[in-house]
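**Q** any chance you could fold what I've pasted below:
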Amino acid sequence: MTRFVKIAVTIGAVIALAVLPAAAASADQNISIAGATATYNTGTHALFAYDTLSDGKSAIAEIRAGSGATVYRVTSSNGVGSAAGIIVSMPARYELRACVQDIGGGGAKTCTGWVGGA
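**A** Numbering: from 1, shown residues only. Predicted structure coming up:
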């Protein structure tokens, strides 16, 4: 019996990891700039940055509560087609934006404007 429980937990963890990126793709809010797409899903609280262009720049997703000062961010730096995500619970009113930046080269960060969600 103990062995069955351990296997079920392991399988459940693998399924949860497999579902998270798919859930982020059906985000409540997304916004794009040349080279990056930012998504936020209020159901899973997942914030993702997707690198969409082979330009040597990192993709960045940023989110904040309303027009608040605290900004949460996630950066995807592994090249075109890569994604990075974090879990961050936001209130009903939040703002999202997508950015690109040559982090290794110290380049300026270029972003979309803040877009209100939910």
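**Q** how confident was the prediction at residue 20?
**A** Looking at residue 20, its pLDDT is 40.
**Q** repeat that for residue 69.
**A** Listed pLDDT for residue 69 reads 83.
**Q** and residue 52, by the same measure?
**A** pLDDT at residue 52 comes out at 98.
**Q** isn't it up against residue 39?
**A** No: using C-beta atoms under 8 Å, residue 52 is not in contact with residue 39; the gap is 11.7 Å. Glycine gets a C-beta too; all of them are placed from N, C-alpha and C.
**Q** okay, the two: which has more neighbours?
**A** residue 39 (25 against 20; other C-beta atoms under 10 Å).
**Q** show me where the chain dips below the pLDDT cut-off.
**A** 1-27, 118 (pLDDT under 70).
**Q** what about the strands in it?
**A** For the chain, the strands defined by DSSP state E occupy 29-33, 36-41, 46-51, 58-65, 71-76, 83-87, 94-101, 110-111, 115-117.
**Q** list the beta-bridge partners for residue 39.
**A** On the basis of DSSP bridges, residue 39 is bridged to residue 30, residue 48.
**Q** that one and residue 103, how far apart?
**A** According to C-beta to C-beta, to the nearest Å, residue 39 and residue 103 sit 20 Å apart.
**Q** ok, residue 43 next?
**A** Separation of residue 43 from residue 103 (C-beta to C-beta) stands at 30 Å.
**Q** now swap in residue 65 and tell me
**A** As judged by C-beta to C-beta, residue 65 and residue 103 stand 25 Å apart.
**Q** neighbour count for these two, which is higher?
**A** Using other C-beta under 10 Å, the more surrounded residue of residue 65 and residue 103 is residue 65, with 17 against 14.
**Q** how far away is that one from residue 105?
**A** From residue 65 to residue 105 the distance is 32 Å (C-beta to C-beta).
**Q** neighbours around residue 91, how many?
**A** 10.
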